[in-house]
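Chemist: Kindly generate the corresponding structure for this input.
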Amino acid sequence: MFAGVVMKSQLRGQVRDFLESHNGLSSHAPYRFWAIPQGIRDLARDLFMRH
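Modeler: Numbering: from 1, shown residues only. Okay, the predicted model is just below:
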């Protein structure tokens, strides 16, 4: 995932889903394969909010 760059709106939506532990697909279902550590979500959120 590249959160520290300018993105199209659809990709921004996928990152938003990731930050909320969802799958990034049209269903927006909870992501259940891997528990994303809070530190990774925080880092991605910081990078994402810069753009």
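
Chemist: alpha carbons only for contacts and neighbour counts from here, please
Modeler: OK.

Chemist: Could you pull out the helices in this protein for me?
Modeler: 9-19, 38-49 (DSSP state H).

Chemist: Please work out which of the ones you listed is packed deepest.
Modeler: By mean neighbour count, with neighbours taken as mean count of other CA atoms under 10 Å, helix 9-19 ranks first of the helices of the chain at a mean of 17.

Chemist: how many degrees apart are it and helix 38-49 in direction?
Modeler: When axes from the mean of the first three to the mean of the last three CA atoms, to 10 degrees is applied, the directions of helix 9-19 and helix 38-49 differ by 160 degrees.

Chemist: pLDDT on helix 9-19, on average?
Modeler: Helix 9-19 comes out with an average pLDDT of 86.

Chemist: which other residues reach that helix?
Modeler: When contacts are defined by CA atoms under 8 Å, 6 or more residues apart in numbering, helix 9-19 is touched by residues 1, 3, 23-25, 28, 41, 44-45, 48.

Chemist: end-to-end on stretch 14-24?
Modeler: End-to-end span of stretch 14-24 (CA to CA, to the nearest Å): 4 Å.

Chemist: residue contacts, Val5?
Modeler: 48, 51.

Chemist: what do you get if the cut-off is 7 Å, keeping everything else the same?
Modeler: His51 (CA atoms under 7 Å, 6 or more residues apart in numbering).
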